[in-house]
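[1] Test case, fold it:
(one chain, ligands or ions: 1)
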Amino acid sequence: MASIGTVQTAIDSSILLHGRNCHRPIIPILAYRSKKSVDAWGLTNFHTVGFSRNLCQDNVGRLSLCCGSAGWRWRIKFVQATGKGSEEAESDDEQDDALQATIEKSKKVLAMQRDLLKQIAERKKLVSSIKSSIIDPESNELPYEDSNGTFLSNRMATTEGDKINEDLDHESLSTSSVHSAVNDVNENPASTSSEYSFANMTEPGKDLPHNEIFFESKPERQLKATTSETVQSQDVPSALSKSSVTPSPEPFSNKNSYKWLNNATETSISGSETSTKVDSDKLKDANVGTTILSDAPSSLKYQKNKDAQESSLEENVKVQDPAGEDVKPPPLAGPNVMNIILVAAECAPWSKTGGLGDVAGALPKALARRGHRVMVVAPRYSNYAEPQNSQVRKIYKVDGQDMEVTYFQAYIDGVDFVFMDSPMFRHIENNIYGGNRVDILKRMVLFCKAAVEVPWHVPCGGFCYGDGNLVFIANDWHTALLPVYLKAYYRDNGLMKYTRSVLVIHNIAHQGRGPVDDFSYVDLPPHYLDLFRLYDPVGGEHFNIFAAGLKAADRVLTVSHGYSWELKTSEGGWGLHGIINENDWKFRGIVNGIDTKDWNPKLDIFLQSDGYVNYSLDTLQTGKAQCKAALQKELGLPVRADVPLIGFIGRLDHQKGVDLIAKAVPWMMDQDVQLVMLGTGRPDLERMLRHFEGVYSDRVRGWVGFSVKTAHRITAGADILLMPSRFEPCGLNQLYAMCYGTIPVVHAVGGLRDTVQPFNPFEETGLGWTFGRAEANELINALGNCLITYRQYKKSWEGLQRRGMTQDLSWDNAAQNYEEVLIAAKYQW
Ligand SMILES: Nc1ncnc2c1ncn2[C@@H]1O[C@H](COP(=O)(O)OP(=O)(O)O[C@H]2O[C@H](CO)[C@@H](O)[C@H](O)[C@H]2O)[C@@H](O)[C@H]1O
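    Coordinates of the predicted model:
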């Protein structure tokens, strides 16, 4: 057989092959790929699939082909029977093709290398021009706390900073113009709206004779999906978004950077097989591609990340070195590298009311360290310093009204942080769960509807995540609608088939309950009501968002082993235990980690002024003593080294057992101790804190408010941390305390039982004191033993501190466990 041409096309199109009309039969040989893949498909991927019966040829040589399913693209090689008719002839032909392809590939690799070297040179020029024209942003790097105690970075928080932000926004516009130019050459069918319509949609796997090949090569697919399968465009039609408003591009404020970006982008998504492959290697290389593209438009970020970028580019060149001398080690996740999007209503340090914010700020970084491409999506409650306006806007319906969202983004520590801006989220930074039930519900409807489409619409580092090899991690009831939307709007309609969702329970006590009529707000097909409808003796029949999320999610996690057990009991499940038990097969507990950069006595930025000092295990005795004295001084307590200083940090509510401390206070005051309590919450408990401070002004401080700085300082300065929580899914404060050589006294429940092994004086083991029932006398008993050890057994005390400080509490272990769950979800059909 002789090849007479190769054509890449969508199906159902007519192909004109001039002068090829003859009497011998023409046979199309097809190679196919999915909608999402931008992977190179070499000649070797051709499969003879015998579609000749679908091939019509008119008398001017126009071939029309009718096969496959809508939305798929095909590569078609046309061959004519030569008369040889033998297998030998066919194999000669294939060898010729393969040789030709290899030569073409080599040429393109060389061209690509030349391009990259040119880009490096241009970049170096740009770096030096930026150096001479702007202030070094690193010089003003220390974070500060705003009036509400919210931890922010003061970089670019000044008027001057705002100006820089504006400039950067202009540059982001230039990015979007590059993206739209790039769309013209983007072959990904997902960017063609008709191909994504529900009506046209048929299951690709069903129509393809070779779908088994597609599935068999999963590990390969997932790696590609994480890198090159990502979608370039914001034009993927949305089942939910009404329209997209993209402002017209403004003039580029930095021609050099635009030029560089343009080069990089063109190279990255070149339609040729070879360059696509090379680029996928580049992207595979631990977010290298992301760094290059995301940073290019911003001269400031560009300067900040210059070292990383230079080495990235050099590594890219090395990776493509045909000699292959310097091969980078594979990511820790190995071939299971995925695109991960964590969606949460709060994310530290930008927004935080408690532990969820800490988790959303830290877990993604640990997952990124394992090699995954990771994004966090959170609402933008106020003007954050780092994130830049991506100029992507979408409109979603909430309760019949059009709501516009705009996305801001920053790339920090290997993670894409995407913040969703909308009038609904603005100006509630001090009360992010505030408002009436329906207001909160509507906010979460908007957040989840939009979040599920972020992987299509928001290019990070120049490339959208795409929906292949993608897993969402939703958190608590606020984002429990996400798994439901993923299913109802997309997967039920054959879309986002390879996207999975995991729902994490941080606290089952808040469930998004309401009357059954609330279903009208969530905008779902009527039969979905069953997922939400729940009956329990307390609430009767009601609407329950957490219930629906637990059922719809592919996997469910909670934040400790102890809590995962408790959730299955009628006492611990708060009405959802039935659903959790029914879904036990997909349920697991993973103990939280901590951010060992933020919460580290050696590095803690809040211990660098006002008499506080950083300390480590080596300087524990002097350093911690100095912090204690600084805390006593700052709070106006007598500065005494010998008095045990007891701390409490947390929400003032029933969960945290503050009332148990209140009952124990009279006893404590007889023990010659100092007590410092920091918290906000129930007004009666806030009043109680103030009352104790008034009555025992020389021994008690009750700080009503939310202050991250004070939380760090209490953790460092206190000797003992009390956590008498009635239930505690994991608890982070006891973990922070142990890292700072502060001994926890806790109710042995949930994650507290998992993480605080009780002190055994005979074997000198354990990490703190625990008590079995949430009762004041039990707390008094445990605290009494703790005080005796503090006063009389100094060596044992030091041992407790040492053991606590030398634990590995980082997120790295937990991230590996999360990865296992994400992989399980991915292979679940
Ligand atoms: N007034 C205040 N000022 C400053 N900082 C304050 C503060 N009050 C609390 N914090 C901080 O908020 C965080 C609280 O985290 P926790 O894990 O103890 O509880 P939370 O109940 O919010 O989280 C839920 O989710 C987390 C994460 O999964 C689980 O560990 C936990 O058990 C579950 O209840 C800590 O970083 C603490 O320092």
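[2] Could you find the closest non-adjacent residue to residue 726?
    residue 774 (4.7 Å; CB to CB, 6 or more residues apart in numbering). Heads up, the C-betas are built off the backbone N, CA and C, glycines and all.
[3] what about the one you found, which SS state?
    For residue 774, the assignment made with DSSP: H, G, I helix; E, B strand; the rest coil gives coil.
[4] Same check on residue 770?
    Classified using three-state DSSP, residue 770 is strand.
[5] who touches the nearest residue to it once chain neighbours are set aside in this structure?
    Excluding the flanking residues, the one nearest residue 770 by CB to CB, 6+ apart is residue 748, at 3.9 Å. With contacts defined as CB atoms under 8 Å, 6 or more residues apart in numbering, residue 748 is in contact with 756, 758, 770-772.
[6] can you tell me how far the nearest residue in space to residue 368 that is not next to it in sequence sits from the ligand?
    Spatial nearest neighbour of residue 368, chain neighbours left out: residue 414 (3.7 Å); criterion: CB to CB, 6+ apart. Distance, residue 414 to the ligand, using CB to the nearest ligand atom, to the nearest Å: 22 Å.
[7] Residue 489 now?
    Distance from residue 489 to the ligand, by CB to the nearest ligand atom: 28 Å.
[8] and that residue, how many neighbours?
    21 (other CB atoms under 10 Å).
[9] so residue 702 is in which element?
    strand 700-704 (DSSP states H and E).
[10] got the angle between the helix or strand just after that strand and strand 700-704?
    Counting by DSSP H and E, the next helix or strand C-terminal to strand 700-704 is helix 708-717. Angle between the axes of helix 708-717 and strand 700-704 is 150 degrees (criterion: axes from the mean of the first three to the mean of the last three CA atoms, to 10 degrees).
[11] Against which helices or strands is helix 708-717 packed?
    Helix 708-717 makes packing contacts with helix 620-635, strand 645-649, strand 674-679, helix 733-739 when contacts are defined by 3 or more CB pairs under 8 Å, 6 or more residues apart in numbering; DSSP states H and E.
[12] Strand 700-704 and the shortest one, what's the angle between them?
    Taking the same axes, to 10 degrees, one finds strand 645-649 and strand 700-704 inclined to each other by 20 degrees.
[13] can you check the first one too?
    Orientation of helix 620-635 against strand 700-704 (the same axes, to 10 degrees) gives an angle of 70 degrees.
[14] any idea how far residue 564 is from residue 493?
    Separation of residue 564 from residue 493 (CB to CB, to the nearest Å) stands at 33 Å.
[15] how many neighbours does residue 691 have?
    Counted with other CB under 10 Å, residue 691 comes out at 14.
[16] Same question for residue 817.
    Counted by other CB under 10 Å, the residues lying close to residue 817 total 15.
[17] near the ligand, which residues of the stretch 301-450 of the chain?
    Residues of the stretch 301-450 of the chain lying close to the ligand (CB under 6 Å from any ligand atom) are 354-356, 358-359.
[18] and those, which of them are in helices?
    355-356, 358-359 (DSSP state H).
[19] Of those residues, just say which sits nearest to residue 520.
    Checking those against residue 520 with CB to CB, the nearest one is residue 356 at 27.8 Å.
[20] Could you show which parts of the stretch 601-750 of the chain are in contact with the ligand?
    649-651, 678-680, 706-708, 711, 728-733.
[21] Show me what counts as buried in stretch 413-432.
    By neighbour count with 16 or more other CB atoms under 10 Å, stretch 413-432 contains the buried residues 414-422, 424-425, 428-430, 432.
[22] likewise stretch 650-665?
    For stretch 650-665, using 16+ other CB under 10 Å, the buried residues are 650-662, 664-665.
[23] List the ones among these that fall in helices.
    Those of these lying in helices (DSSP H): 658-662, 664-665.
[24] Check the secondary structure at residue 418 for me.
    strand.
[25] ok now do it, which residues does it touch?
    By CB under 8 Å, 6+ apart, the neighbours of residue 418 are 375-378, 387, 390, 407-409, 454, 458, 460.
[26] which phi and psi does the residue nearest to residue 770 have?
    Phi and psi for residue 748, reported as degrees, to the nearest 10, are phi -70, psi 80.
[27] The residue nearest to residue 660 when sequence neighbours are not counted: neighbouring residues, count only.
    In space, and not counting its chain neighbours, residue 660 is closest to residue 724: 4.4 Å by CB to CB, 6+ apart. Using other CB under 10 Å, residue 724 has 28 other residues around it.
[28] And residue 724, how far from residue 367?
    For residue 724, the distance to residue 367 - CB to CB - is 33 Å.
[29] same deal with residue 666?
    Taking CB to CB, one finds residue 666 at 47 Å from residue 367.
[30] Tell me how many other residues crowd residue 492.
    For residue 492, using other CB under 10 Å, the count is 12.
[31] Would you agree it falls within a helix?
    Yes. Read with three-state DSSP, residue 492 is one of the residues of a helix.
[32] Tell me the predicted confidence for it.
    Note for residue 492: predicted pLDDT of 96.
[33] Could you do residue 115 as well?
    72.
[34] Quick check: which element contains it?
    helix 87-133.
[35] which residue packs closest to residue 392, ignoring adjacent ones?
    residue 407 (4.9 Å).
[36] Same question for residue 516.
    Spatial nearest neighbour of residue 516, chain neighbours left out: residue 543 (5.0 Å); criterion: CB to CB, 6+ apart.
[37] Tell me the secondary structure at the one you found.
    Residue 543 - assigned by three-state DSSP - is strand.
[38] Ok, residue 395 next?
    Three-state call for residue 395 (three-state DSSP): strand.
[39] Can you tell me which of the buried residues of stretch 650-665 is closest to the ligand?
    residue 650 (4.9 Å; CB to the nearest ligand atom).
[40] Against residue 417, how distant is that closest one?
    Taking CB to CB, one finds residue 650 at 26 Å from residue 417.
[41] For the spatially closest residue to residue 607 that is not a sequence neighbour, pull up the helix or strand it's in.
    Nearest non-adjacent residue to residue 607, counting by CB to CB, 6+ apart: residue 614, 5.1 Å away. Residue 614 is part of no helix or strand, with elements assigned from DSSP H and E.
[42] Could you do the one 3 residues further on as well?
    If you go by DSSP H and E, residue 617 is not part of any helix or strand.
[43] residues in contact with it?
    Counting by CB under 8 Å, 6+ apart, the residues that residue 617 touches are 741, 802, 805-806.
[44] Using JSON lines, lay out these together with neighbour count and pLDDT.
    As requested, these are exported to JSON lines (neighbours: other CB atoms under 10 Å; pLDDT from 0 to 100):
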{"residue": "741", "neighbour count": "26", "pLDDT": "98"}
{"residue": "802", "neighbour count": "12", "pLDDT": "98"}
{"residue": "805", "neighbour count": "18", "pLDDT": "98"}
{"residue": "806", "neighbour count": "10", "pLDDT": "98"}
